[in-house]
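Chemist: Sequence and predicted structure are below.
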Amino acid sequence: MIRITGGKIFDPANGINGQVRDLCIDGGKFVSSVIGGRTIDAAGMIIFPGGVDVHTHVAGGSINFARAMTPEDHRRTTAFIRTQSRRSGLGGMAPTTFATGYLYAGMGWTTVNEAAVPVLSARHTHEEMRDIPILDKTSCVLMANNEIFLDLLEAGEFERAKDVIAWHVWAAKAYGVKAVNPGGVAAWKWGKDAKQLTDPIEGYNSITPGTIIGRLAQIIDELGLPHPMHLHCNNLGAPGNVWTTLETMKLLEGRRAHIAHLQYHAYGGDDWDTMRSASAEVAEYFNTHTNMTTDAGAVLFGDTVTITADGPWQHLLYKLTGRKWGNLDVENETGCGIVPYTYRPSNLVNSIQWAVGLELLLLINDPWRIFLSTDHPNGACFWRYPEIIQLLMSYDFRKDCMTKLSPIARERITLPDIDREYTLYEIATITSAGPARALGLTQKGSLGIGADADVVIYEEEKDIAKMFSHPRYVLKGGEVVIEDGDIRATPEGREFIVKPSFDPEIESFLKPKFEDVYTMSFENYPVEMERLEHADIRECINGQAPSPPRTAEKEPDRADEGVEF
Amino acid sequence: MTCTLGEVKNRADFIVYWGGNPAECHPRHFTKYTLMQKSKFLPRGRKDRTMILVDIRETKSGGAADIFLQIRPGKDFEVLTILRAILKGQHVNSSIVAETGLTLEQMTDFIDRAKKARFGCMFFGMGLSMTRGKHMNSAALLTLAAELNAFTKFVAMPMRGHGNVTGADVIMRWQTGFPFGITFNRGYPRYNPGEFSTVDVLVRGDTDAALILGADPGATMPQPAIDHLARIPTIVLDPKVTHTSRLARVHITTSVAGISAPGTAYRMDEIPLPLKPALKSPYPTDEEVVRRINEAVARKPHWMPADGPMTIMQH
Ligand SMILES: [Zn+2]
């Protein structure tokens, strides 16, 4: 039992904006009162619900490939030293599993969504996730380029396609479905790409990326998955791709969707020389269409390693940079590539990318629908989130940073004209309450009675990045895991999964397909429940269309004056 | 640039084995994945594929190849560099060509075929990765594969050794960031293959004890390493009697993974396969033995710090 007293509560899920309240915790959840137990004096401190990352890459074949690709990086990186309670590990651009848990929790994040799991290596992903301590996890299985699924769409067999998706979600022990560059990754297996929604797909006659996107969104809504289709749009990273993005959004009207790393999909211009920010066009459309949520996929200047299931984009990066390139295609499902990369303010394209991520966060006016992400490790490593928070909360700091950009870059962006500054309430929304709601994790992102007791307590101070990098306390499931900069406990996390219903007959349909195209026996394919660390099966929203994301009510007045940021 | 074996099976119409002898080392490779299988995209199976074997000597695998390129020992890097130059249309000095054991025509033909393929795959074996130049060779081959992607889909994949080497490699990577050659002697993982690899540590006599699982170094390592293993307390977990178990202080007989012990094996393309035991064994699994050793160690007073600095910056 724990009582946290005297802190200023920022709990957007319950409309609390800086009021001083006590929090009581028992059995890992918030309760109305406790008698006895430890008391944490949080007088003058700021209290947030634990952070929720809606889109990150922390486990599985591709990030593990990135670890191996960047050994030179490990030599100048943070090392975690083994103690009685803590495993050793390395931080850096692609942190090792134990370090991933320590680094996220050390910053106050307690739930993450691994956004790209190929079905075939789902077992590997779950094994890695078990080795990420403290954090609760969800994962999204990649389906939009699955050949069995595409063959069914081509044949017009919608109901059977739906069963195939549902079967795969359960077989992979996933929580949601991710669609990456629909149709394009399948084409990439032949070295081609499908860039526009009406482009034909190599190897097929009737279906286009548009068909796949529309059908998949419909299937996920009809299956009632708590998290909508998690979509990585076509044409990622290319100048002028704003038109593909807007077309995709129009196609999705009437459907729920989460659009991943929007920054990479909001560019104007015709080529690399004329590229410009198109965040204003994207934000304008997005603001008036409340069926969608998104995450920023923001970029920070510095070194990282880019890893995505979008092979064509990785190949383009390789051609642009000539740097080490790894490409890992997973049979019958998707592709994935890896390139070490440095974003530089002296580079026009990088400057625009940096600005677009921030512009989207500032121009999209509903913090319940856009969330903080860097598409870790693609735009920047997750442990740099506090820098982004500082950029969002301080116009002056943004102006300072913009002095590093070339005059040409400044003409191609709108960031200099935006003076919005995020409030703490809005930061708590985009880092916790909003992503939790988009994931359909009702017990996360909230400090209300009955919610999981995941809490971050910050000592209020003027240096925003410092304050958000070094919380005074972090509690996960009611247990103090971080205190005064030290790891105090490393409990195991949970994995949330769903079991959408499907006709069991689909297995006799699928089995011969496997014999035909896969190299693993059908019986060996599904991940066993016992592979998962504390699996928690969440309900599907059956029998009714899931409701669209809640939109912003007006922010309640802040209860105190607080520090002037 | 790698892919899974299923994709090779379904799509690869151009296959290169470089410095490997799959007919003997990976006997099911040809029939199961690379050559013989028919697929939606390659309906005629073997007839739709071209296979080139590159090696320093003729092996049994040669019989399965359409083209055999015999190169001089230690010239892999030169051949790969010339292939890259041809691909880029650069002039190649004929005296360098002469040293490789191949002709310019042979190498130009290789590149022409590679460019015309719809989906190419290069497998590279120990013959490439363990000879002079080691990782320089693999890097050159990977670069060639990456550059071929400007013309067609091209991937490359290492041929790993026996047992679950890939599994150990994968897990070491996610836990420590490195595949092998790791030391924890400062409390966190550090990597230096020529210094911290098992064989180097043993030859130098730097270890006080050895715990050996799923390997038989007594059969393969140089004599000074074997002598050191015999000198120190060596514990072997193995279902069978091996060279190493004979010289070990302790041999714990364990059940056989996949036959009488469950678990996971990683295929050479890093796809994990569950092992489902068909038989019961009177012997414990490796996992159970290690768990019980761990529990026994945990009952001893801790040698590790309870606290201390959480992290340090490496330089
Ligand atoms: Zn991503």
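Modeler: Yep, that arrived.
Chemist: all strands of the stretch 151-300 of chain A, in order?
Modeler: Using DSSP state E, counting those that start in this stretch, the strands of the stretch 151-300 of chain A run over A:176-180, A:229-232, A:257-259, A:267-268, A:276-277, A:292-295.
Chemist: and of those, who's closest to the ion?
Modeler: strand A:229-232 (6.5 Å; Cβ to the ion). C-beta here means a position set from N, CA and C on the backbone, and glycine is covered the same way.
Chemist: Now do the buried residues in that closest one.
Modeler: Neighbour-count burial for strand A:229-232, counted by 16 or more other Cβ atoms under 10 Å in any protein chain shown, picks out A:229, A:230, A:231, A:232.
Chemist: Quickly run through the sheet partners of it, with directions.
Modeler: Neighbouring strands of strand A:229-232 in its sheet, by DSSP bridges, are strand A:176-180 (parallel), strand A:257-259 (parallel).
Chemist: follow-up on the earlier one: can you lay out the strands of the stretch 151-300 of chain A as JSON lines showing distance to residue B:193 and mean pLDDT?
Modeler: Shown next, in JSON lines, are those (distance: least, Cβ to Cβ, whole Å; pLDDT from 0 to 100):
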{"stretch": "strand A:176-180", "distance to residue B:193": "35", "mean pLDDT": "93"}
{"stretch": "strand A:229-232", "distance to residue B:193": "36", "mean pLDDT": "95"}
{"stretch": "strand A:257-259", "distance to residue B:193": "43", "mean pLDDT": "97"}
{"stretch": "strand A:267-268", "distance to residue B:193": "42", "mean pLDDT": "94"}
{"stretch": "strand A:276-277", "distance to residue B:193": "45", "mean pLDDT": "96"}
{"stretch": "strand A:292-295", "distance to residue B:193": "39", "mean pLDDT": "97"}
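Chemist: Check chain B for the residue nearest chain A and tell me.
Modeler: Nearest to chain A, among the residues of chain B, is residue B:6, at 3.0 Å (Cβ to the nearest Cβ).
Chemist: what bits of the stretch 451-565 of chain A have low per-residue confidence?
Modeler: A:517-518, A:543-553, A:560-565 (pLDDT under 70).
Chemist: Rebuild the strands of the stretch 151-300 of chain A as CSV, extending it with distance to residue B:10.
Modeler: Listed next are the strands of the stretch 151-300 of chain A as CSV, based on distance: least, Cβ to Cβ, whole Å:
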stretch, distance to residue B:10
strand A:176-180, 20
strand A:229-232, 24
strand A:257-259, 31
strand A:267-268, 35
strand A:276-277, 41
strand A:292-295, 34
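Chemist: of those, which approaches residue B:242 most closely?
Modeler: strand A:176-180 (45.3 Å; Cβ to Cβ).
Chemist: Quick one: closest of the strands of the stretch 151-300 of chain A to residue B:118.
Modeler: Of all the strands of the stretch 151-300 of chain A, strand A:176-180 comes closest under Cβ to Cβ, at 22.5 Å.
Chemist: What residues sit buried inside that closest one?
Modeler: A:176, A:177, A:178, A:179, A:180.
Chemist: roughly how far out does that strand sit from the chain middle?
Modeler: 12 Å (Cα atoms, centre = their mean, to the nearest Å).
Chemist: swap in stretch A:468-488?
Modeler: Chain-centre distance of stretch A:468-488: 22 Å, with Cα atoms, centre = their mean.
Chemist: likewise stretch A:278-292?
Modeler: 19 Å.
Chemist: how about that stretch: buried residues?
Modeler: Within stretch A:278-292, the residues scored as buried using 16+ other Cβ under 10 Å are A:278, A:279, A:280, A:281, A:282, A:283, A:286, A:291, A:292.
Chemist: any idea how far the closest residue in space to the third one that isn't next to it in sequence lies from residue A:279?
Modeler: Once flanking residues are discounted, residue A:280 sits nearest to residue A:414: 5.6 Å by Cβ to Cβ, 6 or more residues apart in numbering or on different chains. The spacing between residue A:414 and residue A:279, counted by Cβ to Cβ, to the nearest Å, is 7 Å.
Chemist: again, but for residue B:204
Modeler: Taking Cβ to Cβ, one finds residue B:204 at 58 Å from residue A:279.
Chemist: Same check on residue B:42?
Modeler: 45 Å.
Chemist: so how many other residues sit close to the residue nearest to residue A:280?
Modeler: 19 (other Cβ atoms under 10 Å in any protein chain shown).
Chemist: per-residue pLDDT, residue 221?
Modeler: Picking chain A for this. Per-residue pLDDT puts residue A:221 at 94.
Chemist: meant chain B actually
Modeler: 81.
Chemist: Give me the below-cutoff pLDDT ranges for chain B.
Modeler: B:1-3, B:24-27, B:126-136, B:160-163, B:305-315.
Chemist: So what's the residue count around the nearest residue to residue B:62 once chain neighbours are set aside?
Modeler: In space, and not counting its chain neighbours, residue B:62 is closest to residue B:68: 5.0 Å by Cβ to Cβ, 6+ apart. Residue B:68: 16 surrounding residues under other Cβ under 10 Å.
Chemist: Shouldn't residue B:68 be within a strand?
Modeler: Yes. Assessed with DSSP: H, G, I helix; E, B strand; the rest coil, residue B:68 lies in a strand.
Chemist: right, and the secondary structure at residue B:169 would be what?
Modeler: Quick answer, by three-state DSSP: residue B:169 is helix.
Chemist: Most proximal residue of chain B with respect to the ion?
Modeler: residue B:174 (18.3 Å).
Chemist: for the strand or helix carrying that residue, the distance to its chain's centre please.
Modeler: According to DSSP states H and E, residue B:174 maps onto helix B:165-176. Averaging C-alpha positions (Cα atoms, centre = their mean) puts helix B:165-176 12 Å from its chain's average.
Chemist: Against which helices or strands is the very next helix or strand once past it packed?
Modeler: Helices and strands here follow DSSP H and E; after helix B:165-176, the next one along the chain is strand B:182-183. Secondary-structure packing of strand B:182-183 (3 or more Cβ pairs under 8 Å, 6 or more residues apart in numbering or on different chains; DSSP states H and E): strand B:190-191, helix B:193-196.
Chemist: try 7 Å this time
Modeler: On a contact count with 3 or more Cβ pairs under 7 Å, 6 or more residues apart in numbering or on different chains; DSSP states H and E, strand B:182-183 meets strand B:190-191.
Chemist: Look at the closest residue to the ion within the stretch 301-450 of chain A and report its pLDDT.
Modeler: Per Cβ to the ion, residue A:375 is where the stretch 301-450 of chain A lies closest to the ion, at 4.3 Å. Model confidence at residue A:375, given as pLDDT, is 93.
Chemist: cool, residue A:14 as well?
Modeler: Looking at residue A:14, its pLDDT reads 96.
Chemist: How many residues are close by the nearest residue to it once chain neighbours are set aside?
Modeler: Counting by Cβ to Cβ, 6+ apart, residue A:14 lies nearest to residue A:448, which is 4.7 Å off, once chain neighbours are set aside. By the measure other Cβ under 10 Å, the count of residues near residue A:448 is 14.
Chemist: Stretch A:228-246 vs the ion: in contact?
Modeler: No. Interface with the ion: stretch A:228-246 contributes nothing (Cβ under 5 Å from the ion), its closest point being 6.5 Å away.
Chemist: Show me which residues of the stretch 1-150 of chain A sit near chain B.
Modeler: A:61, A:64, A:67-68, A:71, A:74-84, A:88, A:90, A:96-98, A:120-121, A:123-124, A:128, A:131 (Cβ under 7 Å from any Cβ of the partner chain).
Chemist: Narrow those to just the buried residues.
Modeler: So, by 16+ other Cβ under 10 Å, the buried ones in these are A:61, A:64, A:67-68, A:71, A:74, A:77-83, A:88, A:90, A:96-98, A:120-121, A:123-124, A:128, A:131.
Chemist: Around chain A, which positions in the stretch 151-300 of chain B sit nearby?
Modeler: Near chain A, when you scan the stretch 151-300 of chain B using Cβ under 7 Å from any Cβ, you find B:152-153, B:155, B:170, B:173-179, B:184, B:187-189, B:191, B:264, B:270-274.
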